[in-house]
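**Q** sequence below, structure please.
(one chain, ligands or ions: 1)
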Amino acid sequence: MDRTLSLTRADTFSYINPWIRYFLFLFSFLFWVFSLLIVAVGIYAKVQKATDTVRDTFLIDPAIILIVVGVVMFFITFCGCIGALRENIRLLKTFSFSLMLVFLTQLGIALLGFFYSDQTRDTMGKFVKKAIVHYRDDLDLQNLMDYIQKEFKCCGWNDYNDWSWNLYFNCTQENPSSERCTVPYSCCIPVQGEAVVNTMCGFGVQSQTYLEATKSIYPMGCVDRAVLWIESHLLLVGALALGLALPQIAGIVLSQILISQIQDEISSVL
Ligand SMILES: *[C@@H]1O[C@H](CO)[C@@H](O)[C@H](O)[C@H]1NC(C)=O
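**A** Next up is the predicted model:
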């Protein structure tokens, strides 16, 4: 009686916690599927794009960044997925190590961005300047700038006069463009209950003083607006950072636990 009891116990007992194992499997699997989606979106964006102004603006094509991130994520999550399913220590170690590397890289970038905030600001300013210069050449840049200006209720990088960087909106007397001294419609203050949207509201605004401009547009530069936004949404920014870091930390911890459990199991059998 005692013997059969201990036998069944030996048969069913395992150092490997099935919950941790299947959780890690499912968790990696979800992100594995997600990585395929990212790659698909990146390839779609790459194929769709006819002009290269976006790539020239951002040094590297954002579509390429999506594809690279997706492919890296694909291989890492694949290791976690199969490693957990097959209880393969080598794959789990690869998964854990790669995740640690990704995590530390992100942490490094975040810390650099924080401690060199002036340089970060200048670099972003250069990108926005290029986006303003190429505003009319590329629909994606146009949509991006319009989105930023509408969301943050701002105009230009430093202020609304930055639109002179663009050939069409340049405010010099000699500019023959019909949009001389204008700012895009996305700078405009929406008028409540207006029957017809006044897309002309930005016309000639650059020749007005800041105070005059406040009547029709949001004249504040987007950089100041962005700083204000971050300061008033610190909790959200922190939550987003945590949302990015937590799955990675969870993956590292769970795979480490599983690795040690598999090693215990192996040494108990030997
Ligand atoms: C506007 O155009 C003039 C003449 O082409 C140029 O000298 C000036 O630098 C431009 N303004 C800005 C802000 O780039």
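**Q** measure how buried the nearest residue to Asn198 once chain neighbours are set aside is and give me the count.
**A** Of all residues not flanking Asn198 in the chain, Val191 sits nearest, at 7.0 Å (Cβ to Cβ, 6 or more residues apart in numbering). (Glycine included, C-beta is placed from N, CA and C.) Per other Cβ atoms under 10 Å, the neighbour tally for Val191 reads 11.
**Q** do the same with Ser96
**A** Applying other Cβ under 10 Å, we find 22 residues neighbouring Ser96.
**Q** just to be sure, it is in a helix?
**A** Yes. Assessed with DSSP: H, G, I helix; E, B strand; the rest coil, Ser96 lies in a helix.
**Q** name the nearest residue to it, ignoring sequence neighbours.
**A** Using Cβ to Cβ, 6+ apart, the nearest residue to Ser96 is Ser255, at 4.3 Å.
**Q** and that neighbour, how far is that from the ligand?
**A** Look at Ser255 and the ligand: by Cβ to the nearest ligand atom, to the nearest Å, they are 53 Å apart.
**Q** residues contacting that residue?
**A** By Cβ atoms under 8 Å, 6 or more residues apart in numbering, the contact set of Ser255 is 24, 80, 83-84, 92-93, 95-96, 99.
**Q** next: Ile16.
**A** Contacts for Ile16 were tallied using Cβ under 8 Å, 6+ apart; they are 87, 258, 261-262, 265.
**Q** how about a cut-off of 7 Å?
**A** 87, 261-262, 265 (Cβ atoms under 7 Å, 6 or more residues apart in numbering).
**Q** tabulate the residues you listed (JSON lines), appending distance to the ligand and neighbour count.
**A** As requested, those are arranged in JSON lines below (distance: Cβ to the nearest ligand atom, whole Å; neighbours: other Cβ atoms under 10 Å):
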{"residue": "Glu87", "distance to the ligand": "63", "neighbour count": "17"}
{"residue": "Gln261", "distance to the ligand": "64", "neighbour count": "17"}
{"residue": "Ile262", "distance to the ligand": "63", "neighbour count": "20"}
{"residue": "Glu265", "distance to the ligand": "69", "neighbour count": "15"}
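**Q** pLDDT weak spots in the stretch 151-270 of the chain?
**A** Of all residues in the stretch 151-270 of the chain, none has pLDDT under 70.
**Q** enumerate the residues of it near the ligand.
**A** 164-165, 170, 172 (Cβ under 6 Å from any ligand atom).
**Q** could you flag which of the residues you listed are buried?
**A** 164-165, 170 (16 or more other Cβ atoms under 10 Å).
**Q** returning to what we had before: pretty sure the residue nearest to Asn198 sits in a strand.
**A** No. Counting by three-state DSSP, one finds Val191 to be coil, located in no strand.
**Q** what's the separation between it and Val69?
**A** 41 Å (Cβ to Cβ, to the nearest Å).
**Q** what's next to stretch 218-235, contact-wise?
**A** In contact with stretch 218-235 (Cβ under 7 Å, 6+ apart) are residues 121, 125, 128, 148-149, 152-160, 187, 189, 210, 213, 237.
**Q** one more: stretch 178-193?
**A** Against stretch 178-193 from outside (Cβ under 7 Å, 6+ apart): 145-146, 149-150, 155, 160, 163, 168-171, 198-199, 201-207, 216-218.
**Q** tell me the phi and psi of Asp159?
**A** Dihedral pair for Asp159: phi -160, psi -170, per degrees, to the nearest 10.
**Q** contacts only, for it.
**A** Shown in contact with Asp159 (Cβ under 7 Å, 6+ apart): 219-221.
**Q** got phi/psi on the closest residue to Asp162 other than its chain neighbours?
**A** Among residues not flanking Asp162 along the chain, Gly156 sits closest, at 3.1 Å (Cβ to Cβ, 6+ apart). In terms of degrees, to the nearest 10, the main-chain angles of Gly156 are phi 80, psi -170.
**Q** now the helices for the stretch 101-250 of the chain?
**A** 117-133, 139-152, 210-213, 222-232, 234-269 (DSSP state H, counting those that start in this stretch).
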